[in-house]
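> Need the 3D shape of this:
(chains A and B)
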Amino acid sequence: MFTKNDKISIRQVEVLLILDLYSKAILFLPRNAAEIANQDGWICLIGATILALFYGYIITRLVKRFPNDTFVEFSSKILSKPVGIFLSILLIIKLTVTVSFELRTFGEVVKQVLLPKTPIEIIISSMLLMACYLVRKGFEARARLGEILFFIVLIPIIAVYILLLPNVDFENIQPILTTPLPKILKGSYNLSLDYVSIELILLVGPLLNNHKKLGRASFNAILFVGILNVISAVIALGVFGVIGTKTQVWPVMVLMGLVEIPGAFIERQEILIMTFWILSVFSFISASIYFISLIITRITKSADQNFLVLPLVPFIYIISLLPNNIVQTSDWILFMRDYFRFLFLFPIPLILLLVARLRKLGEPIEK
Amino acid sequence: MSQLKSKIIIIYIIISFLLTGCWDGIDINRRAFVVSMGIDKFVFDETKDDPNLNTELSRYRITFSIPNLPKFVGQQGISEEPKFTRVSVGTTISNTYKALESRINKSIYFGHTKSLLFGQELLKDKILLKQTMDTLQRNPDFGKAIPVVAVEGSVEEALEVLPDTQPMVGIYIMELFDNNRENGGFFDEKSLGDLLQNFEEDKTGLIPRLSVGEKDLKIEGAAVIKDYELQGWLDERQLKGLLWILKKDYRLEISAPYDDYYIAYNVSESNTKIEFLGDNEEIICKVLVEVEGNIDEFILDENIFELETIRKLEKVIKKEIENEINYSLEAIQEKYKTDVIQIGKRLERKKPDVWKKVKDNWDEVFENMQFIVEAKVNIRRIGQSK
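You can find the predicted model right below:
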């Protein structure tokens, strides 16, 4: 009954987008930012958020023109069918590789911190199978789960930030703005690529029950996550200093270890943040798998999506185990970021939007 | 129907094998909780050590202090001892504690470590100290809030002391840190995270010094570390002046001479500002301390309830504070030649362009830097007699 219900509300889109954006970057972003611009890293993050809002704007404009199509259909309509299908396959490959590496990173973190003796294969495959189970229940189930996770994930994190405030030494982010401007701009661009989950909006079109507010929703979600990221970077820099933030592999997680919960009997509370992070990674992984299977369904015009989910598992599993170690994984992720990640965020949607305008395709936006 | 039943039974059997527990499960009574770990360099001692140990592979001598848990929670244990102290020798830290696991019937766990003790010999050895700090940062079991102390003397002895009020030395040290934080301090509390940050950013650091007594332990003074090497020890008086600069919220008793007596002044709030005067060639550092507090001890039969007296007292206290700070600054500038109070970092933040010019020979610049120390004292309360 519910499994065939694939329409979701605009609020649910917002929540899912926040979770997906947040999980992608949260553990690493302060370190990346500090590596780029030292104590000015948080300024780069503001720039990155502004760029991300711009990407979000272009993509939502495009999706609003074709409310009943996914990327597969409207790219075929705009740029002829072969090009559309080629782009869709490129998107499938990109999503598959991204989700694989995300899964591998997840496995490495969990093995390092929580389960040192459990084989990483078990950690990865149990996460993958769990995500598949959710995907097979349809998008609406994901949306409802997202609504629950949203509070479980974000309220504790915000509480932790507040508890950390007394530890923050704002002198650590002085002197402000000594980094040259070109470096800040380049850093902003690099960091904005961590908002890659925005591209999932390209596929969300036909699942929505109301398109009018899509722009607003993506704006809110990106801004919200952007502010959270800036805050976490300021806190990490303020607590650890520049060099400390750079040397931590997962600065935000170590931050949690510093929180002293008043009167608590709990120790090692950094494990808690792991839990929240695992939940949001789960959301991201299931989203990617869902959209990969959705694209394949749309390309092959098959009626049922569910039977496509399980065959994806071995591919993702094998790709995720290809890198030898965490360093190589992170190297490959950087390679992906530099050469592929930007494609579907900015150039392709912009070209599609311009051509659609010129050829007067799709519904013009009223008002 | 029966086919379905047999399918269900097979599934149950498979599940019962697959879900029997995880790889990482360890029973709590199989764990040895290392409450404190004392790390020192291995120095061969003919009278005590096994001659086989005298090789270059013996680099660390690590003392582990493990509580006798049943005894600790008030149950009847097998042994009467409140804690076990074990010494292990090895090439690296992991090698050392793995070696201990072959001698103790439990698995070593650092998740509840309450304090780390660094021995004198370790602090003198640059290579070992660097490796130790790396291990402590890399291993996620060590929380970054663990207190760190330096021991002048034998780490083993320090961990074998049985303080009457708390037999576990690790917890005792942690509670001394808490005391110091709450009641105003005699030393600068240093956690593992702070120390790592000091080393990474400034290449220098102070570690509180632990002195071993008969039935108790005392933390006073500090070890001065520069470039991962021990430069020397600051005693209590030498450190006291630095605390005005190091600690943000500093509360302490000040005893100042007044006529033939000593008066006691209790600081309730203090604020230290550091400014840099002068330009490129000669940097002058101005330390401005603003203090608020109350008089705890005065003289019987003498009237304090007069503005004139209060002013006089303020002047006496001001002088005492300035002397304290100057005394300490002299010690670190002349004797240790080490910028342990992060003046360099402050200069970098306040005047980045000046810092760029001096950072290459910062040690020299710091050694010859002129300090102007100024204290502003306010007496707010005088107790309940006139």
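
> What is the neighbour count of A:Arg31?
Neighbour count for A:Arg31, taken as other CB atoms under 10 Å in any protein chain shown: 21. Heads up, the C-betas are built off the backbone N, CA and C, glycines and all.

> actually B:Lys318, not the one I wrote
18.

> residues of the helix or strand harbouring A:Arg357 that come out buried?
For A:Arg357, the host element (DSSP states H and E) is helix A:347-358. Applying a neighbour-count criterion of 16 or more other CB atoms under 10 Å in any protein chain shown, one finds A:348-349, A:352-353, A:356 buried in helix A:347-358.

> a markdown table please, covering the residues you listed and showing pLDDT and distance to chain B.
Compiled in a markdown table, these are given as follows (pLDDT from 0 to 100; distance: CB to the nearest CB, whole Å):
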| residue | pLDDT | distance to chain B |
| --- | --- | --- |
| A:Ile348 | 86 | 40 |
| A:Pro349 | 86 | 41 |
| A:Leu352 | 87 | 45 |
| A:Leu353 | 86 | 44 |
| A:Ala356 | 85 | 50 |
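
> Please see if the helix or strand of chain B with the lowest mean pLDDT touches chain A.
Ranked by mean pLDDT, DSSP states H and E, the weakest helix or strand in chain B is helix B:69-72, scoring a mean of 74. No. Judged by CB under 8 Å from any CB of the partner chain, helix B:69-72 makes no contact with chain A; its nearest approach is 15.9 Å.

> and that helix, which residues are buried?
Along helix B:69-72, the positions that meet the burial threshold by neighbour count (16+ other CB under 10 Å) are B:69, B:71.

> For the helix or strand containing A:Leu95, name the packing helices and strands.
Following DSSP H and E, the helix or strand that holds A:Leu95 is helix A:81-113. Counting by 3 or more CB pairs under 8 Å, 6 or more residues apart in numbering or on different chains; DSSP states H and E, the packing neighbours recorded for helix A:81-113 are helix A:71-79, helix A:120-136, helix A:270-300, helix A:309-321, helix A:326-336.

> mind checking how far the first one is from the chain centre?
Mean-position distance between helix A:71-79 and its chain equals 24 Å (CA atoms, centre = their mean, to the nearest Å).

> how far away is B:Ser16 from B:Asn266?
Taking CB to CB, to the nearest Å as the criterion, B:Ser16 is separated from B:Asn266 by 67 Å.

> In terms of neighbours, single out the busier of these two.
Counting neighbours by other CB under 10 Å for B:Ser16 and for B:Asn266 shows that B:Asn266 has the greater number, 16 against 9.

> So what pairs up with the more buried one in the strands?
With DSSP bridges as the criterion, the beta-bridge partners of B:Asn266 are B:Glu253, B:Asn294.

> these two touch, right, it and B:Glu292?
No. Counting by CB atoms under 8 Å, no contact exists between B:Asn266 and B:Glu292, whose distance comes to 10.2 Å.

> follow-up on the earlier one: tell me the angle of the helix holding A:Leu95 relative to helix A:120-136?
130 degrees (axes from the mean of the first three to the mean of the last three CA atoms, to 10 degrees).

> Please point out which parts of helix A:81-113 sit buried.
Residues of helix A:81-113 classed as buried: A:84, A:87-88, A:91-92, A:94-113 (neighbour count, 16+ other CB under 10 Å).

> again, but for stretch A:177-196
Within stretch A:177-196, the residues that qualify as buried by neighbour count (16+ other CB under 10 Å) are A:179, A:184, A:187-188, A:190-196.

> Now it - C-alpha only, CSV.
Extracted as CSV, the C-alpha positions of stretch A:177-196 are listed here (Å, rounded to 0.1, in the frame of the first residue of the first chain):
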residue,chain,number,x,y,z
LEU,A,177,41.5,37.9,6.2
THR,A,178,45.3,37.7,5.8
THR,A,179,44.9,35.0,3.1
PRO,A,180,45.1,36.4,-0.4
LEU,A,181,41.8,36.8,-2.2
PRO,A,182,42.4,34.4,-5.1
LYS,A,183,43.2,31.6,-2.6
ILE,A,184,40.0,32.2,-0.8
LEU,A,185,38.0,32.2,-4.0
LYS,A,186,39.6,29.0,-5.2
GLY,A,187,39.1,27.5,-1.8
SER,A,188,35.4,28.5,-1.9
TYR,A,189,35.0,26.8,-5.2
ASN,A,190,36.7,23.6,-4.0
LEU,A,191,34.7,23.5,-0.9
SER,A,192,31.5,24.2,-2.7
LEU,A,193,31.9,20.9,-4.5
ASP,A,194,31.3,19.2,-1.2
TYR,A,195,27.7,20.3,-1.6
VAL,A,196,27.4,17.7,-4.4
